[in-house]
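Enquirer: curious how this folds, go ahead:
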Amino acid sequence: MNKSDVKKLAQLREFVREFHVNQDYRGNPIKVSMTHEVVDFTSSVIMSLDDILRDHVTFEGGNENS
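Expert: Residues are numbered from 1 along each chain as shown. Presented below is the predicted three-dimensional model:
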């Protein structure tokens, strides 16, 4: 893993952390997230991980971002 990959992973971690913080369910245990928000978020995470991993692994199955 090179410095660029480490930087990408650190950025991805911050992106995921910010999404988690913004869910702020405290005080509202039944908070509902809109499906498109969750789909956009997970799609972005998948694409970022694909970008980092594609030179190191072979993905099997379909493209979850279709």
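
Enquirer: all contacts plus neighbour counts: C-alpha atoms, from now on.
Expert: OK.

Enquirer: who are the packing partners of the longest helix belonging to the chain?
Expert: Longest among the helix segments of the chain by residue count, using DSSP state H, is helix 3-23. If you count contacts as 3 or more Cα pairs under 8 Å, 6 or more residues apart in numbering; DSSP states H and E, helix 3-23 packs onto helix 35-53.

Enquirer: now do the helix it packs on: which elements does it pack against?
Expert: helix 3-23.

Enquirer: hang on, the earlier thing: off-centre distance for the longest helix of the chain?
Expert: 8 Å (Cα atoms, centre = their mean, to the nearest Å).

Enquirer: how much does that helix deviate in direction from helix 35-53?
Expert: With axes from the mean of the first three to the mean of the last three Cα atoms, to 10 degrees as the basis, helix 3-23 and helix 35-53 are set at 160 degrees to each other.

Enquirer: what about Gln11, neighbour count?
Expert: When counting by other Cα atoms under 10 Å, one arrives at 13 neighbours for Gln11.

Enquirer: who's in contact with the longest helix of the chain?
Expert: If you take Cα atoms under 8 Å, 6 or more residues apart in numbering as the criterion, helix 3-23 is touched by 33, 41, 45, 48, 52.
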